[in-house]
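>>> could you look at this predicted model? Sequence included:
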Amino acid sequence: MSDKGYITTAWLVLSLALLFGAALAGVEMLVADRIAANKLQETLSQVSVLVPGADEGKAYELEGQVFYQALAGGERIGWVIPAAATGFADKVEILIGVDAEVSTITGLYVLAQKETPGLGDRIREDAWRAQFKGKSTDSPIAVTKVAKPGPFEIRAVTGATISSKTVANLVNATIASVREPLQSAGE
Amino acid sequence: MEPITIVVVSLAAGTMLLLAVAMSFVLGWANNAFHVEVDPKIVQCNEVLPGANCGGCGYVGCNEYSEAIVLNGESVTKCPVGGASCAEGLAQIMGVEVEQTWPFKAVVHCAATFSQRLLRNTYHGEQTCAAANVISGIQGCTYGCLGFGDCVEACNFSAIFMKEGVPEVVYDPCTGCGACAEVCPRNIITMVPFKTSEMLVIACSNNDFGAEVKKVCTIGCTGCKACTKANDLFTMEGNLPVLNYDAYDPDAVDFSLALDRCKMESLVWVGVPTAEHIEATKDMEVPDKIEADFKTTVDDTEWRG
Amino acid sequence: MATDGPTPLERFISGILPENPVYRQLLGMCPTLAVTNGMQAAMTMAGATTFVLVMANLITSLIRNLLKPHLRILVFTLTIATFVTIADRFLAAYLYQMSKQLGPYIPLIIVNCIIISRCEICASKQGPFTAIADALGMGLGFTVALASIATIREVLGSGTWFGLRVLPEMWPDWVLMVLPPGAFLTLGLLLGTVNWLSSIKARKAKG
Amino acid sequence: MHYFIELILIGITAALIKNFVLYYFVGICPFLGVSRKIDTAFGMGMAVTFVITIASFLSWTFTTFILRPGAPFTAWIWGMINPGSEVVVDLSILSYIIYIFVIASSVQFVEMYVRKFFPPLYKQFGVFLPLITTNCAILFACLEIMKHVSGVPDATRWGLPEALVLAIGGGLGFTIAISIMAGIREELDMCDVPEALKGPGIALLVAGILALAFMGFTGVDRGLASLFS
């Protein structure tokens, strides 16, 4: 069969490919902005929780990294910093709320994690995350197993020390790397 | 629809079209270049065969069997599952006239239950016929059935069951695949062409002289040659009569003389009973239905303290 | 293509129980094991699969006369992939949390053996109406199967059902149920029970 | 960590720690269907490894050059149409279609090739090749590669070596799982399994115990990473 023959016999596949390619691009156009909104919405909705008193969040681009300013009546009172690292089983994504001078942590939220259910995934619980509130960022936060942790320590989730350590180290690393640029960041 | 949407849609469609053209070109060329000429008859035969790849015909799958038929003239009647209709179809394709074929079914050449076997000792070894067959002294008769049910285990059409120590074949699920005949260590199960729904069978495989047989079994065939005199279909092989199934014409033959001449219970009707047999045994009281008892050897071992 | 094959109603009924895709035909194992650690996830997956199944069967049966034998699989996979992408985008837009939780298992509907086998067996041979009935039947059968496994795994694993607390607080969560080994064990035992029940029914019918 | 060690880590993780079949649950249909005898299972494993490598190579090229947001090829065409516009065109919507299209055609191509040039090989496991098209493991490998290539900052984006190592690791992991399973199931035919559990039921239970055993590997990749870094 001449080479033209190959393509004509497969005309059905060609027409379907063309039709479906166009249809999908159309669907993408309709829905793309809504998906982007969803992602943004998920983070922005956390802003008011992470930085108490903030009523509105605004994205802020800095050397390729996106941060979110927590605004109260248009005036910046803090930041929400996204960060990610590999935990016990898979990636762990968190949002860290800090005040305007990046001096104390005002809140922590776990965006995505696949830690062992029942053990590692208890880092999502409010009780455990609340420990980060109010910690100053001057010295790194350590993880202990003792019942009454010190000023710069938090109690690990029983049976999931690795997941707890991952979150603590991630917070320390992010704060350290981001402190100067955010402090000097303009509007 | 701003221009950007139109352009992105056309870009997406264009990429897909490009890919489809490339792939269909490659496949079209490959389809032509790598074309392996397959004998069309093989494909036709494969269509006629049921396609269950059960291996009953002795080949790995239906495709192998159709290749064997077309390439090296294998007989068209070997498909047990397909039966007569499939054999006709194959014969048509191959232009071969098919001789009348009958479904092959399993037949057990031993009818002695545990009570009828003499010198039987309790055996605590591996509960399979294959293992028991290696050890002598389990029961008097060294030819007959050991009763540990390897054949029941092998059959995956659940067409054979143990009844008081001797296997009994249920004939409608039996597809004649021969798995039980293969696995029986004493080879007392053979495949018999079922020309009618019920066939006469020699239910004993003990080849010793009469006196020896009597010592080990109450119903075994003593090789008295009465049946060979009554009917010429029986021929003697050593001390055991053998039925010639090829010449066995169910309507013409009359086994009544051989049946009443046979003093032991070695000639047995096997298969789905015909009308007049049901009629004949109507008034006899039927033994109650045997319920499967899951008693294992452990149950009746008394506690020795 | 005469509709000599089974009628739409027969196809629909056979899809649910007699030929249940998961318990009887043992198809679509990958999503059945992966997604049934929670009822919400399982039901979303079942919904998406049914949507794709119905649409793919419809399109395939509409173009069944144009199909060429050696390009048949290519056309099926193309149709199924399109509808799966639409379903995936739809989920990401309207059920964002669920789409994040299901993650890679939505696109795996494309290679879900149920859909391709239904396209091959039913849709490429019979009219659109029968194909849709068959798809709905199979979809429902799949949903029932997923629901049965997800209920057991979620209730035992995390003591909740559809996220609502079912077992008392003192129930020690049987974490294994939510982990991969639990999926295998639950499905294996369920398959055993279904076979056992049907063999009893068969014996009673025959006995 | 040295680049070469990273490659090995990806391979080991795909083969043992995050085994495609026992951790991610992909490729279960052939895993249950074909694991009756060891030689057919091994043949199936090798066929899957072979096809998964081809599919990964093709999907990596397509993703990197066309499907990625800001992919060079699309950007080049977009630049030609209306030069100078800094709108980033993203064709990642087409990724699922292109992956399955590529897999189906490569499986068909491989089947024709093997049937022409290796008839004995084709007779031995030819029947599995069309089965591979509907094997989730292959599409899953493509999705893994897509996750590491599209929408990821250039520093951590996967190159061709990483993609191929993942494919080969995943394929070997599949072969290991299916061969162990076949070995066990051959033993199973000898022991008396309850009637209802015969076949897939007992296979699933054995797979569950296998998955439990493979869970012992969790965290080994983190250990190795910290060992070498």
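The structure has been received and is ready for your questions. Being a predicted model, the structure only gives us computed values, none of them experimental.
>>> drop to CA atoms for contacts and neighbour counts, all remaining ones
Will do.
>>> any idea how far A:Ser163 is from the residue lying closest to D:Tyr122 once chain neighbours are set aside?
In space, and not counting its chain neighbours, D:Tyr122 is closest to D:Arg115: 5.4 Å by CA to CA, 6 or more residues apart in numbering or on different chains. According to CA to CA, to the nearest Å, D:Arg115 stands 51 Å off from A:Ser163.
>>> over to B:Asn63?
B:Asn63 is 56 Å from A:Ser163, where distance means CA to CA.
>>> more neighbours: which of the two?
Set side by side, B:Asn63 and A:Ser163 show more neighbours around A:Ser163, with 24 against 19, by other CA atoms under 10 Å in any protein chain shown.
>>> any idea of the mean pLDDT in the helix or strand in which that one is found?
Here A:Ser163, judged by DSSP states H and E, is contained in helix A:161-183. Per-residue pLDDT over helix A:161-183 has a mean of 83.
>>> same question, stretch C:191-207
82.
>>> does that stretch reach chain D?
Yes. Using CA under 8 Å from any CA of the partner chain, stretch C:191-207 reaches chain D at C:Leu191, C:Gly192, C:Thr193, C:Asn195, C:Trp196, C:Ser199.
>>> buried ones from those, can you make that a ChimeraX selection?
Selecting only the buried entries of those in ChimeraX, with 16 or more other CA atoms under 10 Å in any protein chain shown as the criterion:
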select /C:191,192,195,196
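>>> mind checking which of the residues of stretch C:191-207 next to chain D land in strands?
Among these, no member is found in strands (DSSP state E).
>>> tell me the one of the residues of stretch C:191-207 next to chain D nearest chain A?
C:Leu191 (25.5 Å; CA to the nearest CA).
>>> so who does that closest one touch?
Residues near C:Leu191 by CA atoms under 8 Å, 6 or more residues apart in numbering or on different chains: C:Tyr23, D:Leu197, D:Pro200, D:Gly201.
>>> tell me the pLDDT at the nearest residue to C:Val111 once chain neighbours are set aside?
Once flanking residues are discounted, C:Val111 sits nearest to D:Thr134: 4.8 Å by CA to CA, 6+ apart. On the pLDDT scale, D:Thr134 is placed at 73.
>>> can you tell me how far D:Thr134 sits from chain A?
Distance of D:Thr134 to chain A, computed by CA to the nearest CA, to the nearest Å: 19 Å.
>>> what about that residue, neighbour count?
D:Thr134: 26 surrounding residues under other CA under 10 Å.
>>> let me know the next secondary structure element after the least confident helix or strand in chain D by mean pLDDT.
Of all helical and strand segments in chain D, the minimum by mean pLDDT, DSSP states H and E falls on helix D:128-133, at a mean of 68. Scanning forward in sequence from helix D:128-133 by DSSP H and E, the next helix or strand is helix D:136-149.
>>> other SSEs contacting that next one?
helix D:38-62, helix D:95-117, helix D:160-188 (3 or more CA pairs under 8 Å, 6 or more residues apart in numbering or on different chains; DSSP states H and E).
>>> JSON lines please, covering the ones you listed and showing mean pLDDT and mean neighbour count.
Output for those, formatted as JSON lines (pLDDT from 0 to 100; neighbours: other CA atoms under 10 Å in any protein chain shown):
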{"stretch": "helix D:38-62", "mean pLDDT": "88", "mean neighbour count": "22"}
{"stretch": "helix D:95-117", "mean pLDDT": "84", "mean neighbour count": "21"}
{"stretch": "helix D:160-188", "mean pLDDT": "92", "mean neighbour count": "22"}
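>>> quick check: closest non-adjacent residue to residue 23.
No chain was given, so I picked chain A. B:Val9 is the one closest to A:Ala23 (CA to CA, 6+ apart), at 7.8 Å.
>>> let's do chain D instead
C:Pro180 (6.3 Å).
>>> surely the one you found meets D:Ala211?
Yes. At 6.7 Å, C:Pro180 and D:Ala211 qualify as touching, with contact defined as CA atoms under 8 Å.
>>> intersection of neighbour lists for the two?
Contacts common to C:Pro180 and D:Ala211, judged by CA under 8 Å, 6+ apart, are D:Leu22, D:Tyr23.
>>> which stretches of chain A have low pLDDT?
Chain A contains residues with pLDDT under 70 at A:1-6, A:64, A:89, A:118, A:186-187.
>>> interface residues of it facing chain C?
A:10, A:12-13, A:16-17, A:20, A:24, A:27-28, A:31-32, A:34-35, A:38, A:116-118.
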